[in-house]
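> The sequence and its predicted three-dimensional model are supplied below.
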Amino acid sequence: LLLLLLLLLLRQWWARDDTVRGCLMKVFFVFLVVLFSGARAHKVATGVRSSALAPRATLRTAPQGGLWARFARPRFDGWCCRCTDDAGRAASVIVGVFKRRQREEHLAALVVRNDSGTFAAQRLFSSSSSTGGDPLPTLTRDAWSHPDVGSVRWGVSTTPSFFAADLAIDGVAATVAVHHHHHGVDDDDATFLAEGWLGRRPFRYALPCRYLVPATRAACDVALGRTPSAQTGGLAHVEFNTGRAFPSGWVWCQAHDVATRASLIVVAGPFLPSLASKKPTVLAAARLAAREDDEEEDFAVLELRTVDRRTRLEAFATCVVDDDALLAVRLVTTTRRGGSELVCDLRVTAPVSSFVEPPLYVPTRHGFRPGARESFDATAHLRIGTSRERLVRFDGATLEFGGDYISDVLGRRP
């Protein structure tokens, strides 16, 4: 807008006087110098585009400076890894950074379910004095660390890529080492391009945040609990988020079946502007164990997005039934082979009493604020097919309600 204004002034005053013309040219030159210096500072602050899958799969390593910092919009970046070991124990590891102008916040959160129960702990660090002067974590292009909490390392531009975390917060501890390949190298690691065409330019600028999933069932070594025991094998789900803030509400469900290496991920919420769609956008992926009678690939590898024209949302509900929080979704898609319709019914239930306290912090336009409730004791039932159905059950799934959806099942928002 400033550039357009200067061009209009130049057009109006160009032929009037040589002195005015010279002054305007100097102002225009100074403006260009300030603009490009601020843009370069922003590029250094946001990191290097490391891959096609994750355009900005690295947390920002330097504070924004110069004129750009005064007008820069809020932005967050964060990693989330949920893993399930061979014994059915599970954990979620979350790290993130939020920056707005000269303010910076860091978040580290752990939710662990072991033989003793489910425990949640989180730590928020801020550049302001609200945290009592705690030092900010150290942030590099591929690592996050704090002397009192632990460290997290990631890498998506290498082959094979990795995610490793060793965190301990208020007695809750988890050690995770995930090794998975980048999309296009090993398809068995089940990369999920969740956004589909919506993640391409210029459509992705309408999203409040980007949602990238490098792996849905990667092999991992994990040790969980207040006192981590010896590491065991398991499966891990890894995702990366970046943008201005989370949407106004969302529902997130993730599950693993270690015995069959099956995985499930469902995300739903008002990701698109209200004028574009009144219904919630649903992104879902299921990787199931192939059977001999599965003639169609759709029964083993399923990726559904309501933004695709082949998939439509027929039913969506979040409510409480008999003291259980319920998520019910019905999707109908047209198969690529034969063009027949495939019906997918998902029903996820979790006891209301199983949602951990306190609420988890989530990124908003004003920083990290309490805004999500999560249960590790959910049960997911997935039914796929029309004439020939396939039923799959996931025990120990994770069900999360965030933003406006919390009031639907758990009462007032935090």
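Ah, there it is.
> quick one, strands of the stretch 151-300 of the chain?
Here the stretch 151-300 of the chain has its strands, by DSSP state E, counting those that start in this stretch, at 161-169, 172-180, 209-225, 232-243, 249-257, 262-269, 281-287.
> Quick one: the ones you listed as a markdown table, columns for distance to residue 308 and mean pLDDT too.
No exception for glycine: its C-beta is placed from N, CA and C like everyone else's. As requested, the strands of the stretch 151-300 of the chain are arranged in a markdown table below (distance: least, C-beta to C-beta, whole Å; pLDDT from 0 to 100):
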| stretch | distance to residue 308 | mean pLDDT |
| --- | --- | --- |
| strand 161-169 | 27 | 87 |
| strand 172-180 | 25 | 85 |
| strand 209-225 | 15 | 86 |
| strand 232-243 | 20 | 90 |
| strand 249-257 | 19 | 94 |
| strand 262-269 | 15 | 93 |
| strand 281-287 | 10 | 89 |
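> Select, out of those, the one closest to residue 408.
strand 249-257 (8.7 Å; C-beta to C-beta).
> quick one on the thing from earlier: format the strands of the stretch 151-300 of the chain as TSV; extra columns: distance to residue 99.
Below are these laid out as TSV (distance: least, C-beta to C-beta, whole Å):
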stretch	distance to residue 99
strand 161-169	22
strand 172-180	26
strand 209-225	14
strand 232-243	12
strand 249-257	22
strand 262-269	24
strand 281-287	26
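> ok, residue 81 to residue 235 distance?
According to C-beta to C-beta, to the nearest Å, residue 81 and residue 235 sit 11 Å apart.
> if we can go back for a sec, quick one: closest of the strands of the stretch 151-300 of the chain to residue 409.
Across those, residue 409 has its closest neighbour in strand 249-257 (9.3 Å, C-beta to C-beta).
> Checking the closest residue to residue 314 other than its chain neighbours next. Helix, strand or coil?
Closest residue to residue 314 apart from its sequence neighbours, by C-beta to C-beta, 6 or more residues apart in numbering: residue 330 at 4.5 Å. Classification of residue 330 using DSSP: H, G, I helix; E, B strand; the rest coil returns strand.
> these two touch, right, residue 330 and residue 312?
No. Residue 330 is beyond contact range of residue 312, at 9.6 Å (criterion: C-beta atoms under 8 Å).
> To residue 195, which of the strands of the stretch 151-300 of the chain lies closest?
In terms of C-beta to C-beta, the element of the strands of the stretch 151-300 of the chain nearest to residue 195 is strand 209-225, at 6.0 Å.
> Could you export that closest one as PDB, CA atoms only?
Taking C-alpha atoms only, strand 209-225 is exported to PDB below (Å, rounded to 0.1, in the frame of the first residue of the first chain):
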ATOM      1  CA  CYS A 209      -2.300 -22.300  10.000                       C
ATOM      2  CA  ARG A 210      -0.500 -25.000   8.000                       C
ATOM      3  CA  TYR A 211      -0.900 -28.700   9.000                       C
ATOM      4  CA  LEU A 212       1.900 -31.000   7.800                       C
ATOM      5  CA  VAL A 213       2.300 -34.600   8.700                       C
ATOM      6  CA  PRO A 214       5.700 -36.200   7.900                       C
ATOM      7  CA  ALA A 215       4.800 -39.600   9.400                       C
ATOM      8  CA  THR A 216       1.800 -41.400  10.700                       C
ATOM      9  CA  ARG A 217       3.200 -44.700  11.800                       C
ATOM     10  CA  ALA A 218       7.000 -44.400  11.900                       C
ATOM     11  CA  ALA A 219       9.000 -46.900  14.000                       C
ATOM     12  CA  CYS A 220      10.400 -45.400  17.200                       C
ATOM     13  CA  ASP A 221      12.100 -46.200  20.500                       C
ATOM     14  CA  VAL A 222      10.300 -44.800  23.500                       C
ATOM     15  CA  ALA A 223      10.600 -44.700  27.300                       C
ATOM     16  CA  LEU A 224       7.600 -43.300  29.200                       C
ATOM     17  CA  GLY A 225       6.700 -42.500  32.800                       C
END
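> which one is residue 279 nearest to, not counting chain neighbours?
According to C-beta to C-beta, 6+ apart, the nearest residue to residue 279 is residue 313 (5.6 Å).
> any idea how far the one you found is from residue 373?
24 Å.
> Who has more neighbours out of these two?
Neighbours around residue 313 and residue 373, counted as other C-beta atoms under 10 Å, are more numerous at residue 373. The numbers are 24 against 17.
> What helix or strand is that one located in?
Element membership for residue 373 (DSSP states H and E) is strand 367-384.
> Could you export that strand as PDB, CA atoms only?
Taking C-alpha atoms only, strand 367-384 is exported to PDB below (Å, rounded to 0.1, in the frame of the first residue of the first chain):
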ATOM      1  CA  GLY A 367       0.400 -16.100  22.400                       C
ATOM      2  CA  PHE A 368       0.000 -19.500  24.000                       C
ATOM      3  CA  ARG A 369      -3.200 -19.800  26.000                       C
ATOM      4  CA  PRO A 370      -5.100 -22.700  27.600                       C
ATOM      5  CA  GLY A 371      -7.400 -24.000  24.900                       C
ATOM      6  CA  ALA A 372      -7.500 -27.800  24.500                       C
ATOM      7  CA  ARG A 373      -8.600 -30.800  26.500                       C
ATOM      8  CA  GLU A 374      -7.200 -34.300  25.700                       C
ATOM      9  CA  SER A 375      -8.000 -37.900  26.600                       C
ATOM     10  CA  PHE A 376      -5.700 -40.900  26.100                       C
ATOM     11  CA  ASP A 377      -8.400 -43.400  26.900                       C
ATOM     12  CA  ALA A 378     -10.500 -43.100  23.800                       C
ATOM     13  CA  THR A 379     -11.800 -45.900  21.700                       C
ATOM     14  CA  ALA A 380     -12.200 -45.500  17.900                       C
ATOM     15  CA  HIS A 381     -14.400 -47.600  15.700                       C
ATOM     16  CA  LEU A 382     -13.800 -47.300  12.000                       C
ATOM     17  CA  ARG A 383     -16.100 -48.900   9.400                       C
ATOM     18  CA  ILE A 384     -15.200 -48.800   5.800                       C
END
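> Show me what residue 94 is bridged to.
residue 80, residue 109 (DSSP bridges).
> what's the answer for residue 395, then?
Beta-bridge partners, per DSSP bridges, of residue 395: residue 379.
> what's around it, how many residues?
12.
> and it, what pLDDT?
If you check residue 395, the pLDDT there is 94.
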